[in-house]
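Novice: This is a predicted model, with the sequence first.
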Amino acid sequence: MHTVVQGHRITDELGDIDEKYYTTMEDFYEDAAKLVIAAQKQGHDIKLLKEKLHEVMLKAKNVGWGYGDELSYLWSEYFGDNNAE
């Protein structure tokens, strides 16, 4: 989760990077989503984690290289809706 949040912060601060960077960030995002779902299945409260992933997904909408589109797709795939709750 930390990598996902900080990776997006770097994008905000430094601007456009390259395709490989965004592909790697997409992989980290998917891994984080899987871990959040696994934590939920174990009975943990995932509200804050899910909110962080949702926030990153929303902020990524205007980033190039298809990054925002992929994060939106992954959000829908793992959480099924467009809400953080």
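Specialist: The structure has been received and is ready for your questions. Numbers count the residues shown, from 1 in each chain.
Novice: all contacts plus neighbour counts: C-alpha atoms, from now on.
Specialist: OK.
Novice: Show me what the helix or strand that contains Lys59 is packed up against.
Specialist: For Lys59, the host element (DSSP states H and E) is helix 47-59. Secondary-structure packing of helix 47-59 (3 or more C-alpha pairs under 8 Å, 6 or more residues apart in numbering; DSSP states H and E): helix 2-14, helix 19-41, helix 67-79.
Novice: May I see the ones you listed arranged in JSON lines, with mean pLDDT, distance to Lys61 and mean neighbour count as well?
Specialist: What follows is those, written out as JSON lines (pLDDT from 0 to 100; distance: least, C-alpha to C-alpha, whole Å; neighbours: other C-alpha atoms under 10 Å):
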{"stretch": "helix 2-14", "mean pLDDT": "91", "distance to Lys61": "11", "mean neighbour count": "14"}
{"stretch": "helix 19-41", "mean pLDDT": "96", "distance to Lys61": "13", "mean neighbour count": "16"}
{"stretch": "helix 67-79", "mean pLDDT": "95", "distance to Lys61": "4", "mean neighbour count": "18"}
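Novice: of all those helices, which lies closest to Ala60?
Specialist: Proximity to Ala60 (C-alpha to C-alpha) singles out helix 67-79 among the helices and strands packed on helix 47-59, at 4.5 Å.
Novice: residues in contact with the closest one?
Specialist: Residues outside helix 67-79 that contact it (C-alpha atoms under 8 Å, 6 or more residues apart in numbering) are 22-23, 26, 29-30, 33-34, 37, 53-54, 57-62, 81-82.
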